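Asks: I'd like to go over a predicted model; first the sequence, then the structure.
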Amino acid sequence: MRPGERALRRMRVSVAWSASILSRMVVMLRANQSGQAPGAAANASPGCEGNATPTPTELRLMPAALAGVWLVGGAAFVAHAQGGVVSPPGYTLVWADEFDRDGAPDPANWTYERGFVRNQELQWYQPENARVEHGLLVIEGRRERKANPTYQAGATGWQRSREFAEYTSASLTTRHMHEWQYGRFEMRARIDTRAGLWPAFWTLGASGAWPANGEVDVMEYYRGLLLANVAWGSAERGRAVWADTRRPVASFGDSDWSSRFHVWRMDWDEDRIQLFVDDERLNDVDLSKTIDRDGSGTSPFHQPHYVILNLAIGGTSGGDPSATAFPARFEVDYVRVFRKYN
């Protein structure tokens, strides 16, 4: 994708050209050049634009002017923009990684999980399997043998009883770096849906042990299913209560679904968590019902959460990867966090 096309897509402006709207846009552009408040120009009444026929110079400037404007139902208004990202109405951008610089992921944004981590998964997590190229974060799963430095002959635990890992991958996290309480969390990505692969975009609460700290699976995929889950603590230590949704990828009715990029989103406020893919709501959870059952009387979704991006392989839910050709890729265009304002 050429840089100009990428920037145009990120504007996310839906334009319905009519004489009235074009006139308003010219008024706004002139107001911006003259120092007039753009909001006042945007809300000018129809018929009050005066001579709003764009000059050749204004036509050349119009695409740049549109970067900060949303047109909804024929009414133009100014949207908040930071770093070329136009925030949705009612939100302001508080953090983002656009993955615009080739090389290793930005160390100011991400750190890594390492080794065998959870769910008896087959991969060894290592930073070497994550890179940024051509405007995408690429998390690459590979079939390669890796010696397990924690191996102990005769050990009973799965993490120490394996002498080798037969696969490698990466898991990136903002833990101890960036954490947020409430807002809109959004990722645009393409996931590999072949057998044995288990990609995820999820959050965990910054305080407490799992699952009492709270988990939100904004995007999770395995064995043909797209999941959108919220989990909190049960009365039994280490066992979660789940509010989960499982949607077969085949149900989207698009044979090319897995080859396309999609946008996953969490809208989270004091009252509920809603999870979406491509603006289709998959789950809606009432936070008054997500109280940890350990006697604390608290909900783990009234505390900051951090983000994890990972590509797991096999394990308790991922399925059998033995017939899958590697490498496998989890490709992320961007991750953004917005805060809602009144």
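Replies: Done, it's in.
Asks: I'd assumed residue 212 was in a helix, is it?
Replies: No - going by DSSP: H, G, I helix; E, B strand; the rest coil, the assignment for residue 212 is coil, not a helix.
Asks: Name all residues that make contact with it.
Replies: Going by C-beta atoms under 8 Å, 6 or more residues apart in numbering, residue 212 touches 232, 233, 292, 294, 296, 300. C-beta coordinates here come from the backbone N, C-alpha and C atoms, glycine included.
Asks: make it 10 Å
Replies: In this structure, residue 212 makes contact with 205, 231-234, 237-238, 240, 292-294, 296, 298, 300, judged by C-beta atoms under 10 Å, 6 or more residues apart in numbering.
Asks: Okay, and the beta partners of the closest residue to it other than its chain neighbours?
Replies: Excluding the flanking residues, the one nearest residue 212 by C-beta to C-beta, 6 or more residues apart in numbering is residue 233, at 3.5 Å. Note on residue 233: beta-bridge partners residue 240, judged by DSSP bridges.
Asks: residue nearest the centroid of the chain?
Replies: residue 187 (2.3 Å; C-alpha atoms, centre = their mean).
Asks: Give me the distance between that residue and residue 285.
Replies: Counting by C-beta to C-beta, to the nearest Å, the gap from residue 187 to residue 285 is 19 Å.
Asks: just residue 222 next, same as before
Replies: In terms of C-beta to C-beta, residue 222 sits 21 Å off from residue 285.
Asks: circling back: number of nearby residues for the residue nearest to residue 212?
Replies: Using other C-beta atoms under 10 Å, residue 233 is surrounded by 26 other residues.
Asks: residue contacts, it?
Replies: Residue 233 makes contacts with 208-214, 239-241, 290-294, 296, 298-300, as judged by C-beta under 10 Å, 6+ apart.
Asks: Go again with 6 Å.
Replies: Shown in contact with residue 233 (C-beta atoms under 6 Å, 6 or more residues apart in numbering): 211, 212, 292, 294.
Asks: And residue 157, by the same measure?
Replies: No contacts exist for residue 157 under C-beta under 6 Å, 6+ apart.
Asks: Do you know the pLDDT at it?
Replies: Model confidence at residue 157, given as pLDDT, is 95.
Asks: ok, it to residue 117 distance?
Replies: According to C-beta to C-beta, residue 157 and residue 117 sit 13 Å apart.
Asks: cool, and residue 276?
Replies: 27 Å.
Asks: Looking at the two, which one has more neighbours?
Replies: Neighbour tally, residue 276 and residue 117, criterion other C-beta under 10 Å: the higher count belongs to residue 276, 19 against 15.
Asks: Okay, and the residue nearest to that one when sequence neighbours are not counted sits in which element?
Replies: Once flanking residues are discounted, residue 276 sits nearest to residue 265: 4.4 Å by C-beta to C-beta, 6+ apart. Per DSSP states H and E, residue 265 falls inside strand 262-268.
Asks: how many other residues sit next to residue 236?
Replies: Residue 236: 10 neighbours (other C-beta under 10 Å).
Asks: now do residue 114
Replies: Applying other C-beta under 10 Å, we find 12 residues neighbouring residue 114.
Asks: ok, the closest residue to residue 114 other than its chain neighbours to residue 254 distance?
Replies: Of all residues not flanking residue 114 in the chain, residue 125 sits nearest, at 5.4 Å (C-beta to C-beta, 6+ apart). Using C-beta to C-beta, residue 125 is found at 31 Å from residue 254.
Asks: More neighbours: which of these two?
Replies: Comparing residue 125 with residue 254 by other C-beta under 10 Å, the one with more neighbours is residue 125, at 23 against 11.
Asks: In contact with that one, which residues are there?
Replies: 113, 114, 117, 171.
Asks: what's the closest of those residues to residue 192?
Replies: Among those, residue 171 lies closest to residue 192 (C-beta to C-beta), at 15.4 Å.
Asks: any idea how far that closest one is from residue 85?
Replies: For residue 171, the distance to residue 85 equals 25 Å [C-beta to C-beta].
Asks: Neighbour count: those two, which is higher?
Replies: With neighbours defined as other C-beta under 10 Å, residue 171 and residue 85 compare such that residue 171 has more, 25 against 17.
Asks: Show me where the stretch 51-200 of the chain dips below the pLDDT cut-off.
Replies: Low-confidence segments of the stretch 51-200 of the chain (pLDDT under 70): 51-83.
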